[in-house]
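# Model the following, please.
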Amino acid sequence: MSSQHLRTTFNSKEDYTTILDSLKQEFEQRWQAQEPSPYTNLESYVQRAVLGNGSFGTVLLVREKKGKNYYAAKMMNKEDLVRLKQVNHVHNEKTVLNSVRFPFLVHLIDATKDFDYLYLVLPFINGGELFTYHRNAEV
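Sure thing, here's the model as predicted:
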């Protein structure tokens, strides 16, 4: 069962277990099928704006050149990642984002690189950071 067709109601614990087993199998297949990112930078996208900056890079709003879809592209400087000893963390981030397909989790749309940068292209979710909402929530 593809996670795109994930049921939200279950008739029994067996149904629930069957669906989880199927999702786990899909996850493991994608985990094992990892491929290196191509050297294509963001040539398939038009950069529209800077959404934010963080410790390890910049997040850009990009639009497909051959479509109307918008995405968030996380642009990370390779030199900084090596200097800050974050190479393994970024590799793990890419692997996990490429493997997950679940309704409430962000997944990897595309990954590419050039001489200076790594790019992780993710769905653009308008509305700010979840961290900000959590921090500002009245508890």
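
# before we move on, which element is the closest residue to D110 other than its chain neighbours in?
Excluding the flanking residues, the one nearest D110 by CB to CB, 6 or more residues apart in numbering is V121, at 3.9 Å. C-beta coordinates here come from the backbone N, C-alpha and C atoms, glycine included. Per DSSP states H and E: V121 is located in strand 117-123.

# Can you give me the domain assignment for the protein?
Using automatic domain parsing, the domain ranges for the chain come out as 1-33, 37-136.

# could the ones you listed go into CSV alongside mean pLDDT and mean neighbour count?
Compiled in CSV, the domains of the chain are given as follows (pLDDT from 0 to 100; neighbours: other CB atoms under 10 Å):
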stretch, mean pLDDT, mean neighbour count
domain 1-33, 77, 11
domain 37-136, 92, 14
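
# OK, contacts around D110?
Residues near D110 by CB atoms under 8 Å, 6 or more residues apart in numbering: 44, 71, 119-121.

# Tell me which two of the residues you listed sit farthest apart.
With CB to CB as the measure, no two of the contacts of D110 lie farther apart than S44 and L120, at 13.9 Å.

# Checking the nearest residue to D114 once chain neighbours are set aside next. Helix, strand or coil?
Using CB to CB, 6+ apart and skipping residues adjacent in sequence, the residue nearest D114 is N41, 4.0 Å away. Of the three states, N41 takes coil according to DSSP: H, G, I helix; E, B strand; the rest coil.
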